[in-house]
Structures are given as structure tokens and as C-alpha cells.
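Student: Turn this into a model:
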Amino acid sequence: MPSALPQVTRVYKNHHLDSTRWEHYKPREDDIILTTSYKSGTTWMQLIMMYLLAPNHDYEKVHKFSLWVGSRWNPIEERMNDLEAQTHQRCIKSHLALDGLPYYPQVKYLIVARDARDVFMSFWNHYSNYTDAFYEEINSIPNRVGDPLPRCTSDIHVAWRDWITKGWFEWESEGYPFWGNMHHTKTYWDYKHLPNILFVHYNNLLENPHREIKRVADYIGVETSDAQIDDIVELTSFQNMKQNSDQIVGESSDFKGGSKTFINKGTNGRWKDVLSEDELKLYDETVKRILTPDCAHWLETGFFKD
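Tutor: You can find the predicted model right below:
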């Protein structure tokens, strides 16, 4: 059984992550931590939050607005200085499960998640398009713990079997070679009753972005009119994000095809034409191994069971 309040019981350190960097974080009363496993609408929600919290700020890239504390990219002192310099209500990015992320009752947690099969298709586009320069950069950052990030296989079916049946960390059993996707959702699901934890599903953002943005705005205490939300819906549409990808994420040398590869399709269900019946059985086995039935239902559909 989970404890009454979340506790840090794991340390996440690999080629991307260092959860101990959060030990330097000083929370503000109105902070929001936006956390996803990956490829679940992170950048999309970061952009929505930017328009809700800092509509008059001229940010060159969304990652400068919503800083990723737990990544190994920048020296922690530099990252904390950038975070402290922000004067608007802060939205801080995380990819950590709740067993590795400190919990603060005064901070709001915004969890965005997606059907694992859709996550994989986006993950495959992401991972399979890394450039040589990115592998060299990420694997040469000092003080890496564990093995370097391996090169992506050229076979999507091999990648699926590894991703859905192996974990990078010893306590995980899926998500290789990054970190657990279902495990991430599960750790927050155990505490969904807490008033400062809100779940948002990718499906619902696609189907009714106005309703979901209004729901998020109410949760974080931002007053908005219907017209303002309509504007945010338009500004954060996939068409606009794709068209303005260089401005949103930068002219990236990390991906073949640059920023337009990073912002790829924005659709669900592509796995239906790729994964075989036997491959989908692996998915079913992993769901049963990790998730409770109600969490599995929500992660697949976006609907809470009564």
C-alpha cells in the first residue's frame, strides 16, 4: 500500500536523467510541476501552460519557459539560477515517476499521459531519428551513471519488444532504453486522490482541447474567457506547432529532419497498422503486470471508471 503522502524511494540516474538535481529545488507556493513519462504531449502542454501563465512573454523556445530540472544537460547551478530568475508563475518540466520526484503539498502536479501503444509510436519516431551528434553529446556529458544510450535498432519490432518487456532501471520492466512509461503513470495514480494532483489524457486534449485547457486553467487558478481559450486552442493546434516548430523547440541538430521530426504526427492509433497480435499480447502482459485495472482503463481511454 502506498504511504499517506508520496515519498522519494528511488534514485533515477542514466544517460538522460539525474533525479538528485531536484535536491537543489526551492518550491514557490504557486509552482506547477508538469510531469510525463515522455512522448505523451509534454511539449504540447508546455506550450499551453506558457500561454496560460506568461502570455505576454516573448520566449524564443518553450523549454526556456518550462525548465527541465532533472535532465543532465546543464550544470545544476545554471539551471537553478535560470529557474530562480523567472518572475511569472513557474511551470517546471519533469519526466520522473513520483517515487523519484519530491512531493510538496503547496505545489501543483500536472500529469499528462497517453495510451502506451501510442507513446511507443511517437517514441520510435523520436529515438530512431537521433543524429550521430546527439548520441555523442548525450553520452559524453560528465558523471553519467550506467551505460551510454545505445543506438536505436533499425527494426521497429525489435524496438517494441525491448521497450515493452525490459526496463532500464532494475525496478522497472518496460520503457527500455529510457525509463518506465507505465511505471510513471502508476506512481501518480496511487495518489490521484490528493487535491494537488491532476491527470490529463492525450486523447481528451485531441478530442476537446477547449474543455481540457479550461480544466487545467481552473486547476492552476488562472482566470480565462472562452475567447482566450479559443485563441490558445488555435495557437497550440498541431498544424501551428508543426509550422512553427523551429520557434517552439529550436532548430535542433538532435534529430534527422530537425524540429519538424520532433513535432511529428500528433495522432493516435498508428500502432494498429504496425504491431502484430503476438506483439500486442506482450502489451497486455505488461499492463497486467504493472497497472491496476482502473489505471489501465484510464490510460487506454482517458475515462475514469465509476
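Student: ok, which stretches of the stretch 151-300 of the chain are helices?
Tutor: In the stretch 151-300 of the chain, the segments counted as helices under DSSP state H, counting those that start in this stretch are 156-165, 182-189, 202-207, 209-220, 226-235, 238-243, 245-249, 259-262, 277-290, 293-301.
Student: worst average pLDDT in the ones you listed?
Tutor: Comparing mean pLDDT across those, the weakest is helix 259-262, with a mean of 46.
Student: Please enumerate the strands of the protein.
Tutor: Taking DSSP state E as the criterion, the chain carries its strands at 32-35, 91-94, 108-113, 197-201.
Student: which neighbours does the longest one have in its sheet, and in what orientation?
Tutor: To tie it back to what came earlier, the one meant is strand 108-113. Strand 108-113 pairs in its sheet with strand 32-35 (parallel), strand 197-201 (parallel), by DSSP bridges.
Student: deepest of those strands, which one?
Tutor: For the strands paired with strand 108-113, average neighbour numbers computed from mean count of other C-beta atoms under 10 Å are highest in strand 32-35, which has a mean of 25. Where you see a C-beta, it was placed from the backbone N, CA and C, and this is true even at glycine.
Student: if we compare the helices of the stretch 151-300 of the chain, which one ends up closest to E23?
Tutor: Closest approach to E23 among the helices of the stretch 151-300 of the chain is made by helix 182-189 (18.7 Å; C-beta to C-beta).
Student: which ones are touching the nearest residue to S37 once chain neighbours are set aside?
Tutor: Nearest non-adjacent residue to S37, counting by C-beta to C-beta, 6 or more residues apart in numbering: H184, 3.8 Å away. By C-beta atoms under 8 Å, 6 or more residues apart in numbering, the contact set of H184 is 35-37, 95-97, 113.
Student: So which of those are in helices?
Tutor: In helices, judged by DSSP state H, none of the contacts of H184 are found.
Student: got the strands of the chain as JSON lines, with mean pLDDT and distance to T301 columns?
Tutor: Converted to JSON lines, those look like this (pLDDT from 0 to 100; distance: least, C-beta to C-beta, whole Å):
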{"stretch": "strand 32-35", "mean pLDDT": "98", "distance to T301": "21"}
{"stretch": "strand 91-94", "mean pLDDT": "97", "distance to T301": "25"}
{"stretch": "strand 108-113", "mean pLDDT": "98", "distance to T301": "11"}
{"stretch": "strand 197-201", "mean pLDDT": "98", "distance to T301": "8"}
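Student: Now distance to L53 too, for the ones you listed, in TSV please.
Tutor: Shown next, in TSV, are the strands of the chain (distance: least, C-beta to C-beta, whole Å):
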stretch	distance to L53
strand 32-35	8
strand 91-94	6
strand 108-113	12
strand 197-201	15
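Student: Would you tell me which of those gets closest to L52?
Tutor: Checking the strands of the chain against L52 by C-beta to C-beta gives strand 91-94 as the closest, at 8.5 Å.
Student: follow-up on the earlier one: in TSV, list the strands paired with strand 108-113 along with distance to T43.
Tutor: Listed next are the strands paired with strand 108-113 as TSV, based on distance: least, C-beta to C-beta, whole Å:
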stretch	distance to T43
strand 32-35	10
strand 197-201	14
